[in-house]
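Colleague: next comes the sequence, and after it the predicted model I'd like to discuss.
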Amino acid sequence: MLNREIEDLGLEIDIAFDNNDVSKLEVLLVSCDSLMENETSENHSVLYFYKANCYAALRMIERKDVDDTWSWHRERLVAEILNLRKAVAESGFEKLDEIMQCKILTNIANGMSSLGRVIESISYYEKALSRIDNFAMALGNKAIGQVHYGQHLYDPGHSGIFFFYANKELNRFGSEPILWDCGIQQDALETFMGYRDFTEDVLEDIEFDSKFDFNNFSLGKHQKEQDYRRWCLQHKLFINPLNDVFTATIAANDVLHLPSHFYAVGEEPRFPKYFNLLKQELIVARHMLYEFTTADFEHYSDNDVLLENGLDGVYLGYRNELLKNSLRISYSIFDKIALFLNDYMKIGLKVDSVNFRNIWGTYNKKNKALEINPCFLDRENWLLRGLYFLSKDLYDQNFTDVAEPEARELHIIRKMAEHRYLGIQEYPAQVDDTEYMKYITVDDLADKVLKMLKLSREALIYLSLAMHIEERKREETRGDGIVVPIQFTHL
């Protein structure tokens, strides 16, 4: 239950925004923090939402004078998303009114889409729609995100499917009751109708077969493989953009690779080799998590292994080690993506020093800000920028600006698993962590591994599609000349 002071704070934020009062909004940010003490988790969630609204208001006031559409400096929006995510992370979030929950989830999704993280944004729109399936702003903006996602694919067949499903969502406006949280927003409705008309025109031009059966595809010959593929579909883990649209069997494959691209005469065609290894490592990490979920507690490799009881509740064995190794592999993919970018974008960092945080620029300790590499700043590449902002979900001690509340904890867990000791407990036990050893329950670790797999999948898709955008831009500047195609064979 909100107290009067918190209710008044929300009204003050709205008034300060209406008056373009930047100094008042800065004061109200501090007020949000001061009211956190001794409040319920439910009210914490509301206060984080109010903090996010302060950052959103500051951002919108500042952008009146500056067009930041393609800016790589979006500190206000990152802070807004971080606080919205903190609101969702509170246990009291589920006690909020469903409309409030949907507003928070939709605002996260809108922010993610603006940053280029379209996959994560669709995920948040779906979380909102799982609560209220006709919530207008989630419904319409999800469809717009699908259109933009489809426009950035290099496979026109896949693009058509994105447009088709976006059009289905947009046609719900006007054909069924839609819930607008603050009354019908005419500007938003007109935008949604514009995208509906656009997708209808495209689908007509390409003669899209709306009766095509997307579920008429094999999941494999054997029951084990079929079960595994269904699990991947349900968790949206296939390296295939279609799995972000639906769980139909047509999406049950890892079909995404690199787009057509060019090399100088005598240059080694190396990027498909890099991407092969990135994909294969993610697929192995993915199967490790699946094997963990389906494996028996006892494995034959655990037989006749002498181990001592540590009296700390740690359960040792093959099954739990699958989780650790899935986390290690999926986390390591990000630094390898940085190596890919270092080579492809000709950034020139020493190979031994490259990681997924420093590839984007150098951290200025004096100004406490990242100085982004100029080779990125002039790129109007939505998904390359999405890959950059995805890096803010990973913690690094030299780059403290993060958009994910769990970033530091994930970093510590990965470090303990990789370099120290991570004890996996079936149930929480009364034992303290040390600098040598950290404890975590198996369910908590499984959730974090799934989160990391989804994040690394998202990064691989952005890498491929960002390269597609970049290659089109390079083709425009290259001009006429002899181009010799190289045909790779499928393994």
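Modeller: Perfect, thanks for sending it.
Colleague: count the residues that sit near Gln318.
Modeller: One thing to correct before we go on: residue 318 is Tyr, not Gln. The burial count assigned to Tyr318 is 17, neighbours taken as other Cβ atoms under 10 Å. Backbone N, C-alpha and C define where each C-beta goes, glycine included.
Colleague: that one: what's it in contact with?
Modeller: Neighbouring residues of Tyr318 by Cβ atoms under 8 Å, 6 or more residues apart in numbering: 295, 299, 301-302.
Colleague: could you list the low-pLDDT ranges of the stretch 301-450 of the chain?
Modeller: The model of the stretch 301-450 of the chain has pLDDT under 70 over residues 397-401.
Colleague: which residues in it form helices?
Modeller: Here the stretch 301-450 of the chain has its helices, by DSSP state H, counting those that start in this stretch, at 318-344, 374-377, 382-390, 407-419, 442-478.
Colleague: which non-adjacent residue is nearest Asn107?
Modeller: Nearest residue to Asn107 in three dimensions, chain neighbours excluded: Leu84, at 5.6 Å (Cβ to Cβ, 6 or more residues apart in numbering).
Colleague: how close does that neighbour get to Glu404?
Modeller: Distance of Leu84 to Glu404, computed by Cβ to Cβ, to the nearest Å: 11 Å.
Colleague: neighbour-wise, which of these two wins?
Modeller: Shown here are Leu84 and Glu404; by other Cβ under 10 Å, Leu84 has more neighbours (30 against 20).
Colleague: let's see the pLDDT reported for the more buried one.
Modeller: Leu84 is assigned 96 on the pLDDT scale.
Colleague: also Gln487?
Modeller: Per-residue confidence (pLDDT) for Gln487: 59.
Colleague: quick revisit: looking at the contacts of Tyr318, which are in strands?
Modeller: Judged by DSSP state E, strands contain none of the contacts of Tyr318.
Colleague: which one of those residues sits closest to Phe376?
Modeller: Using Cβ to Cβ, Ala295 is the member of these that lies nearest Phe376, at 42.6 Å.
Colleague: give me the nearest residue to that closest one, chain neighbours excluded.
Modeller: Nearest one to Ala295, counting by Cβ to Cβ, 6+ apart, is Arg319 at 4.8 Å.
Colleague: what residues are up against that neighbour?
Modeller: The neighbours of Arg319, taking Cβ under 8 Å, 6+ apart as the test, are 292, 295-297, 299.
Colleague: grab the most central residue of the protein for me.
Modeller: The residue lying closest to the centre of the chain (Cα atoms, centre = their mean) is Glu120, at 3.6 Å.
Colleague: that residue contacts Glu458, doesn't it?
Modeller: Yes - with contact defined as Cβ atoms under 8 Å, Glu120 counts as touching Glu458 (6.4 Å).
Colleague: which residues are in contact with both of these two?
Modeller: Leu390.
Colleague: which ones are touching the residue nearest to the centre of the chain?
Modeller: By Cβ under 8 Å, 6+ apart, the contact list for Glu120 reads 109, 112, 390, 458.
Colleague: wait, doesn't the last one sit right on Ser121?
Modeller: No - checked against Cβ under 8 Å, the pair Glu458 and Ser121 is beyond contact range at 10.6 Å.
Colleague: more neighbours, those two?
Modeller: Ser121 (26 against 21).
Colleague: go through whichever strand or helix holds the more buried one and flag the buried ones.
Modeller: Using DSSP states H and E, Ser121 maps to helix 118-131. Neighbour-count burial for helix 118-131 flags 118-125, 127-129 (criterion: 16 or more other Cβ atoms under 10 Å).
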